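Peer 1: coordinates for the following, if possible.
(2 chains)
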Number of protein chains: 2
Amino acid sequence: MGPPLLERYDAFAFDLDGVIWLADHIIPEAPAAIQAVRDAGRPLLFLTNNASYVPSWIVTRLSEGGIKITEDEILTSAIAARSWIEREGLVGQRAFVLGVQTVVDGVADLLEVVPVKRGTKVGVVLVARDVDLTYERLTAASDAVRDGAVFAASNRDNVMPIPGGFEPGTGSILAAVEAASNRKAIALGKPELPMMQAAADRLGTTGVLMVGDRCDSDVAGARRIGWDAALVMTGVTRPGDPLEPPPDYVLTTLADLTAARD
Amino acid sequence: MGPPLLERYDAFAFDLDGVIWLADHIIPEAPAAIQAVRDAGRPLLFLTNNASYVPSWIVTRLSEGGIKITEDEILTSAIAARSWIEREGLVGQRAFVLGVQTVVDGVADLLEVVPVKRGTKVGVVLVARDVDLTYERLTAASDAVRDGAVFAASNRDNVMPIPGGFEPGTGSILAAVEAASNRKAIALGKPELPMMQAAADRLGTTGVLMVGDRCDSDVAGARRIGWDAALVMTGVTRPGDPLEPPPDYVLTTLADLTAARD
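Peer 2: Prediction:
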């Protein structure tokens, strides 16, 4: 038996939804696995496409679940969106944000976020998982995109894992806006390079194992930046689902990180 | 100059939205063109993907706009849906219908239509242009489709033409449900063969010209059943848009039907 995965890598990047927690429950095997990474002296990073999570809230929630981290160990697609707004010279533009209040708050100092209503002219449309979605909001966003607004999305994840099932993800809302506007958005989160590059910069090493529950964002993101990838079966991916792109490892739970391997 | 299009075909099929009317306005050239088809003794059929139009309402509305037709000259995607429900043995099944009340009414004697709420088990999910769309409805429909409900849509038209612009079409709502459920719906309207075959049966001749405003539904539907197709520029398609599949003719307005041609 060879050494466990934990000893084979210099650093670890973990997705949150479906890996560390599922809706309001910490996944049982997560605290010990994260503690083992700490005990081994490996740097780690939590990497989430969910733009509605504020870093300070993530820190508090993980702390209550027995996982101690700092805010600089967190990278969200909202943080990636902020970098993108600055890099693209969009600071100060009027914007529609299809997403919950924390997503709006996350960019409110950079963009002039206005109510999503028909007839309003905006320069930017930013799509996240919009639980307030209505036909009116879909129409207003589609009109703005068709009229030439810069069009971005926090990610393309079609679903969000919840206990016993799924909820529509950003990718689902985005599919409707893209269809109605006949334009494709720029995706900012995993697996896109801007977010993966920012993650690599934070970790500062190339010997990274990305641990996620989705091939299309976590495994594909790892591939794009040259990391290895482990798929854990506690989230979106279920036994029998196609693995595309294929991960280097499949883990039943995070406990497999510390188990000896063939 | 050769004879006008009107004299070259044995029968005519007309789309409604963007061809005969645009939102609440009859397109100015339409009444005279339809009258010319009548005067030439050619059979005609109005063929719409809009499942929310009830035939008796279409008759009244066209009559008020100076166009006299009978109900048997109308084929809607709701009529196609009724045939599909019977053919597939789905009569009596519980169903979610994402669409306006007229769409629900159109199938209410064949399906047990229940409120679109999470946790409700249904055997059929039928998607149309749902102007009452919410995240809750999207979630409930996606759950039902993922759980194995028969999944159909009145059409795949991404937009609906309105004066000066567009509104999200059935295809936009459908894109969100398909993304969140990871399943593809069966489309019942144009350009699918069931609706086109029903139209051909009604007209009873092969020398048909389909006149529509969309290549992807009207022209493609005509191709599938072996008709010629004319694209009229009073609806969705604008100058410079790609023509795929290409129509046999492009008309500025329906007045071009009666003009002499090269």
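Peer 1: what's the helix or strand for A:Ser56?
Peer 2: Using DSSP states H and E, A:Ser56 sits in helix A:55-64.
Peer 1: repeat for A:Gly171
Peer 2: Going by DSSP H and E, A:Gly171 is in helix A:170-181.
Peer 1: other SSEs contacting that helix?
Peer 2: When contacts are defined as 3 or more CB pairs under 8 Å, 6 or more residues apart in numbering or on different chains; DSSP states H and E, helix A:170-181 packs onto strand A:124-127, helix A:135-146, strand A:150-153, strand B:165-168, helix B:170-181. Yep, even glycine has a C-beta here, placed from its N, CA and C like the rest.
Peer 1: find out how far the helix or strand following that helix is from the centre of the chain, if you would.
Peer 2: Counting by DSSP H and E, the next helix or strand C-terminal to helix A:170-181 is strand A:186-187. Distance of strand A:186-187 from its chain centroid, counting by CA atoms, centre = their mean, to the nearest Å, is 13 Å.
Peer 1: what separation do you get for the spatially closest residue to A:Tyr53 that is not a sequence neighbour and chain B?
Peer 2: Excluding its sequence neighbours, the residue lying closest to A:Tyr53 (CB to CB, 6 or more residues apart in numbering or on different chains) is A:Thr76, at 5.5 Å. Separation of A:Thr76 from chain B (CB to the nearest CB, to the nearest Å) stands at 21 Å.
Peer 1: just the helices in chain A please.
Peer 2: For chain A, the helices defined by DSSP state H occupy A:5-8, A:30-39, A:55-64, A:77-87, A:101-107, A:135-146, A:170-181, A:193-203, A:220-225.
Peer 1: just those helices: most buried one?
Peer 2: Among the helices of chain A, helix A:170-181 has the highest mean neighbour count (mean count of other CB atoms under 10 Å in any protein chain shown), at a mean of 28.
Peer 1: what's the angle from that one to helix A:77-87?
Peer 2: Direction vectors for helix A:170-181 and helix A:77-87, defined by axes from the mean of the first three to the mean of the last three CA atoms, to 10 degrees, enclose an angle of 50 degrees.
Peer 1: quick one on the thing from earlier: now render the helices of chain A as a markdown table, adding mean pLDDT.
Peer 2: A markdown table is the format used below for the helices of chain A (pLDDT from 0 to 100):
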| stretch | mean pLDDT |
| --- | --- |
| helix A:5-8 | 95 |
| helix A:30-39 | 97 |
| helix A:55-64 | 95 |
| helix A:77-87 | 90 |
| helix A:101-107 | 92 |
| helix A:135-146 | 98 |
| helix A:170-181 | 98 |
| helix A:193-203 | 91 |
| helix A:220-225 | 96 |
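Peer 1: for B:Asp17, find the nearest of those helices.
Peer 2: Counting by CB to CB, B:Asp17 lies closest to helix A:170-181 out of the helices of chain A; the figure is 15.1 Å.
Peer 1: and the angle from the closest one to helix B:135-146?
Peer 2: For helix A:170-181 against helix B:135-146, the angle between stretch directions is 100 degrees (the same axes, to 10 degrees).
Peer 1: follow-up on the earlier one: ok, which of the helices and strands packed on helix A:170-181 comes nearest B:Gly92?
Peer 2: Of all those, helix B:170-181 sits nearest to B:Gly92, with 23.2 Å by CB to CB.
Peer 1: near chain B, which residues of the stretch 1-150 of chain A?
Peer 2: Contacts of the stretch 1-150 of chain A with chain B, taken as CB under 8 Å from any CB of the partner chain, map to A:Asp130, A:Val131, A:Asp132, A:Leu133, A:Thr134, A:Tyr135, A:Leu138, A:Thr139, A:Ser142, A:Asp143, A:Arg146.
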